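Novice: Model the following, please.
(4 chains)
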2 protein chains.
Amino acid sequence: MPDSARYLLHRPEILDALRRGEAALDRVMGGSGRLYPAGRLLVEPDSPNTTIFRLRKGWVGRLRTLEDGRSQFILIFLPGDLFAVKSLFVTHSPDAVQALSEVLVEQVDHRTLREAYERDPDLATRCMWQVIEEERRLHNWVVGLGRGSADERLAMLLIDFRGRLILAGVLPPDAMAYDLPMTQEQIGDHLGISNVHVNRVLRALREDGVVTMRGRRVTIGDLDALVGIAGPLLDMSERGRPEFVGSREAGTGLERNGDDAGE
Amino acid sequence: MPDSARYLLHRPEILDALRRGEAALDRVMGGSGRLYPAGRLLVEPDSPNTTIFRLRKGWVGRLRTLEDGRSQFILIFLPGDLFAVKSLFVTHSPDAVQALSEVLVEQVDHRTLREAYERDPDLATRCMWQVIEEERRLHNWVVGLGRGSADERLAMLLIDFRGRLILAGVLPPDAMAYDLPMTQEQIGDHLGISNVHVNRVLRALREDGVVTMRGRRVTIGDLDALVGIAGPLLDMSERGRPEFVGSREAGTGLERNGDDAGE
DNA sequence: CGTCGGCTTGACGACTGTCAATCAAGGTGG
DNA sequence: CCACCTTGATTGACAGTCGTCAAGCCGACG
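Specialist: Numbering: from 1, shown residues only, chains lettered A, B, ... in the order given. Take a look at the predicted model:
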């Protein structure tokens, strides 16, 4: 099981800074937690960026919709992630940020965060780390979209979600099932394939006993086979963020998000 | 010409900080400029990350190669870009960083930069800005790879390169031709299509008088048509980085990189 | 019990990849 | 100055993955 193989990806020097930065975020965002229903846009496309978010519970996606109707989920955020950090630097973007399930998010105005950010290097490090981590995932995603087949991309995605949920402390390390609050069409919009083809690939996986997806529940029947399919694309995507993420989450009130929320 | 339309993408507050940060980089990197021939790997895949680079002249690409031989250029860097900034936080990555043309780069050890980075908030801002800008381009690229056709992607790419070269001060604002030091296979590895198909699309563009590519020279015959093809994908990709980039480059010794260097 | 969103399948075709041969250009040695 | 070699560009033939269109199905909800 490639799960033991967890490279030491991040410089150890920064782990303490990251922990302190997270604590600083707790202070800055403290008490701003709000619930939103599935489907709600947390950020409207092309609107002025004012807010940085921390996701405590649920799933969120960055979504670009083209004029002709095509759309693409660029990135999916899971509990523990900061998102819209760019708002510190960029006034607006063409993407929407949408709740995929019912979500609990904390938020700060970019000015407030910027002040704290300038006074507290650890907070700056925490933000920088988030952006870099995101970039790492985007790199993987570009490779997947550019060079992966539909099967490979889907397998990669399912493995990636599992790994991240485990690191976020939402799932136990040996979990072989999880809730994935996205429709097949949304999954297609993330994988860059049509909803119909998502369905086809899922059927094949189901018939081979590799993965079953019913309702919004993913059940992995044969993780090795799944890893085999994702194959070369994986390279790094199931390797994780530093352990501080997992340990941080533990005890902050983030248990499982078992109920897949509204919609 | 969509070139006038330059959204105010970046918060004005940070422009000064960015300028000062750039000056700080000048100090930190001063005199470390080195020339490398086309094709040289500046960073080996999976090697320890030790260095952060600033590209002064030439083209550089971040390249991932899969075990089975497929490969993907994740991101292309042009003069003025910092690259491998992640090295501040991440010990290594599966990607190579390769010179596409003869390049002139400055470099710093990550420890040195980190020290300066911690003492100088402007330098930190400059680095953060680079990462965020990169992320913005990755977002666009994910959308292109996920939802764009081969024609659209290629058109997007050609427009994007032109815009960035202009912003970098390598080209005059009305330039309709530039040197693109990549083979059709490399272009395919960036667009996520085969070299053969790159050639097919190029032929179509040539026959329609939209773009000609001979040798390593791109000549745009009909920019409007090109923009029309890239169509919905463009949305933001030809809009640029803040003007400070252009003005910074002016007078630092970066003229045109007319000669497309070694190989 | 009717409606609606989402899942499931089948049929058909287009875009794009693969394989392979030919050309063109630049560099090297005789 | 020419033969030879290598890399990259170019083209054709053929196949397959995947998109589109469309119909049927299922569960949730009022």
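
Novice: which residues does the spatially most central residue of chain A form a beta bridge with?
Specialist: Centroid-nearest residue in chain A, with CA atoms, centre = their mean: residue A:77, separated by 2.7 Å. With DSSP bridges applied, residue A:77 shows beta-bridge pairing to residue A:60.

Novice: any idea how far it lies from residue A:130?
Specialist: Counting by CB to CB, to the nearest Å, the separation of residue A:77 from residue A:130 is 10 Å. C-betas here are computed from N, CA, C, even on glycine.

Novice: is it true that residue A:42 lies in a strand?
Specialist: Yes. Assessed by DSSP: H, G, I helix; E, B strand; the rest coil, residue A:42 belongs to a strand.

Novice: surely it meets residue A:104?
Specialist: No. Residue A:42 lies out of contact with residue A:104 (CB atoms under 8 Å); the separation is 11.7 Å.

Novice: what are the ranges of the helices in the stretch 51-200 of chain A?
Specialist: With DSSP state H, counting those that start in this stretch applied, the stretch 51-200 of chain A shows helices at A:110-119, A:121-147, A:150-167, A:184-191, A:195-207, listed in chain order.

Novice: Mean pLDDT, mean neighbour count and distance to DNA strand C for those helices - can I get that in JSON lines?
Specialist: Output for those, formatted as JSON lines (pLDDT from 0 to 100; neighbours: other CB atoms under 10 Å in any protein chain shown; distance: least, CB to the nearest atom of the strand, whole Å):
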{"stretch": "helix A:110-119", "mean pLDDT": "92", "mean neighbour count": "17", "distance to DNA strand C": "32"}
{"stretch": "helix A:121-147", "mean pLDDT": "95", "mean neighbour count": "23", "distance to DNA strand C": "9"}
{"stretch": "helix A:150-167", "mean pLDDT": "96", "mean neighbour count": "22", "distance to DNA strand C": "12"}
{"stretch": "helix A:184-191", "mean pLDDT": "98", "mean neighbour count": "22", "distance to DNA strand C": "4"}
{"stretch": "helix A:195-207", "mean pLDDT": "97", "mean neighbour count": "16", "distance to DNA strand C": "4"}
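
Novice: Residue B:179: which of those helices is closest?
Specialist: Nearest to residue B:179 among the helices of the stretch 51-200 of chain A is helix A:121-147; the distance by CB to CB comes to 23.9 Å.

Novice: That closest one near chain B at all?
Specialist: Yes. Using CB under 8 Å from any CB of the partner chain, we find that helix A:121-147 touches chain B at A:121, A:124, A:127-129, A:131-132, A:134-136, A:138-139, A:141-143, A:145-147.

Novice: now that helix, how far from the centre of its chain.
Specialist: Taking the mean of its C-alpha atoms, helix A:121-147 sits 11 Å from the chain's own mean (CA atoms, centre = their mean, to the nearest Å).

Novice: Between helix B:150-167 and that helix, find me the angle.
Specialist: Using axes from the mean of the first three to the mean of the last three CA atoms, to 10 degrees, the direction of helix A:121-147 lies 140 degrees away from that of helix B:150-167.

Novice: So helix A:121-147, near DNA strand D or not?
Specialist: No. Helix A:121-147 does not reach DNA strand D (CB under 7 Å from any atom of the strand); its nearest approach is 10.4 Å.
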